[in-house]
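A.B. asks: prediction below, plus the sequence it came from.
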Amino acid sequence: MIELKSLKDDAFERMDNLTDDLSQRPDWPIYYGSVPIESVLKHMNEPEEVRRRLVDRVGRAIRKHMRKANKQLAAHEDAFPRKNMVKLMVLANEDHEIYDPEMVAHLTHHLLMRQENGAPLYPHVDAVIFLSERHATLLHRQIAFPIVCIEGPSFRSDVWKNEVVDTLLTRWSKWNGVPLYGSDMRAQMFTTVDHIPDRMKRYERWQLDYKRRPYMSGFTEEELRERFDEIMCVSSLVMLKDSPLKPSHEATAWSMSSMSHLMLEMGWRGIPVTQFEFGPERLAAAARRLRLPANVVAWFESDMGRGLTSGRSMD
């Protein structure tokens, strides 16, 4: 028996409400744009408690489907009794990146193992199969989508159920005309498949370009810091009214696109923006690396340059 459930609801709104609350904490790190949750948790004083709240918020839709599937499978079992039966809930992710395969597997396993008065809370769900085409990985130089099977307690006593599920997955892959690979979920990393719209804003295009070619992934943290200083050097010359040099259009465009690239890299590594505070000395050093005129370097070193850290007026 199979009960098909679809994750139609986007949990981002619920997550936004929670993160708005969490962002009032003094240990909440500051990033630009969206970042992996692990990048946030590594800077929190109580990461496990915060993780529990975040996972709980995302898991509400999964718990709702589990309750319904358990009830519906029980009713079907009563109406059509069989000596041997495998009861599955197939959970399909329609189009939401927040339902990461690893997180869904963790949540579902926890639900299947929950007990109430010494008995499973969802006894009529033997296993859950999670499908998603919003997440993928490279396997043998091919794009591979996840099919995750989360087994419940009954699989320990009725080992024959594994063969039924294996047969189901094999026939599913054959019907799709693609091979089926076995993989350890703990060793497999899936990434989000981005939608590419017909029209994009400039910063969206810059971010997409960097995801396709993350050229700063091999930078050390100090090299990232120097790139940050160079971007801030050019940006300061653009924005400050009394700067001694106005960068070219090409240099300005470079600073804007590079900042989009850098914010992605910092977010992936879990480096908050506040970790890269800049000052006159660092900006002057960046100006030298960019081979800017001596008067620009002197301006950054002077009292005028020091106004950058004290809120000077900008265009």
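C.D. replies: In hand now; what should we look at?
A.B. asks: ramachandran coordinates for the one residue sitting closest to the centre of the chain?
C.D. replies: Taking C-alpha atoms, centre = their mean as the criterion, residue 36 is the residue nearest the geometric centre of the chain, at 4.1 Å. Note on residue 36: its backbone torsions stand at phi -60, psi 150 [degrees, to the nearest 10].
A.B. asks: and the nearest residue to it once chain neighbours are set aside, what does it touch?
C.D. replies: Once flanking residues are discounted, residue 36 sits nearest to residue 268: 6.6 Å by C-beta to C-beta, 6 or more residues apart in numbering. C-beta coordinates here come from the backbone N, C-alpha and C atoms, glycine included. By C-beta atoms under 8 Å, 6 or more residues apart in numbering, the contact list for residue 268 reads 35-36, 39.
A.B. asks: SS state for residue 181?
C.D. replies: coil (DSSP: H, G, I helix; E, B strand; the rest coil).
A.B. asks: and for it, the neighbour number?
C.D. replies: By other C-beta atoms under 10 Å, 12 other residues sit near residue 181.
A.B. asks: ok, now how distant is it from residue 146?
C.D. replies: Taking C-beta to C-beta, to the nearest Å as the measure, residue 181 falls 11 Å from residue 146.
A.B. asks: surely residue 190 is in contact with residue 137?
C.D. replies: Yes - between residue 190 and residue 137 there is a contact under C-beta atoms under 8 Å: 4.9 Å.
A.B. asks: identify the contacts common to these two.
C.D. replies: Joint contacts of residue 190 and residue 137 (C-beta under 8 Å, 6+ apart) are residue 146.
A.B. asks: these two: who's more crowded?
C.D. replies: residue 190 (18 against 15).
A.B. asks: need the pLDDT of that one.
C.D. replies: pLDDT for residue 190: 86.
A.B. asks: if the closest residue to it other than its chain neighbours is in a bridge, with which residues?
C.D. replies: In space, and not counting its chain neighbours, residue 190 is closest to residue 135: 4.2 Å by C-beta to C-beta, 6+ apart. In this entry, residue 135 is beta-bridged to residue 192, by DSSP bridges.
A.B. asks: quick one: secondary structure of residue 138?
C.D. replies: Per three-state DSSP, residue 138 ends up strand.
A.B. asks: about what we covered before: what's the helix or strand for the residue nearest to residue 36?
C.D. replies: Using DSSP states H and E, residue 268 falls within helix 249-269.
A.B. asks: avg pLDDT for that helix?
C.D. replies: Throughout helix 249-269, pLDDT has a mean value of 94.
A.B. asks: which element follows that helix toward the C-terminus?
C.D. replies: helix 280-289.
A.B. asks: what is that following helix packed up against?
C.D. replies: With contacts taken as 3 or more C-beta pairs under 8 Å, 6 or more residues apart in numbering; DSSP states H and E, helix 280-289 sits against helix 221-239, helix 294-301, helix 303-306.
A.B. asks: list the contacts of the closest residue to residue 120 other than its chain neighbours.
C.D. replies: Nearest residue to residue 120, sequence neighbours excluded (C-beta to C-beta, 6+ apart): residue 153, at 5.8 Å. Applying C-beta under 8 Å, 6+ apart, one finds that residue 153 lies in contact with 112-113, 120.
A.B. asks: dump these into JSON lines; add pLDDT as well.
C.D. replies: Conversion of the contacts of residue 153 to JSON lines gives the following (pLDDT from 0 to 100):
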{"residue": "112", "pLDDT": "95"}
{"residue": "113", "pLDDT": "94"}
{"residue": "120", "pLDDT": "91"}
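A.B. asks: which of those fall in strands?
C.D. replies: residue 120 (DSSP state E).
A.B. asks: now do the strands in the stretch 1-150 of the chain.
C.D. replies: Using DSSP state E, counting those that start in this stretch, the strands of the stretch 1-150 of the chain run over 2-7, 88-93, 115-116, 119-120, 127-132, 135-139, 142-144, 147-151.
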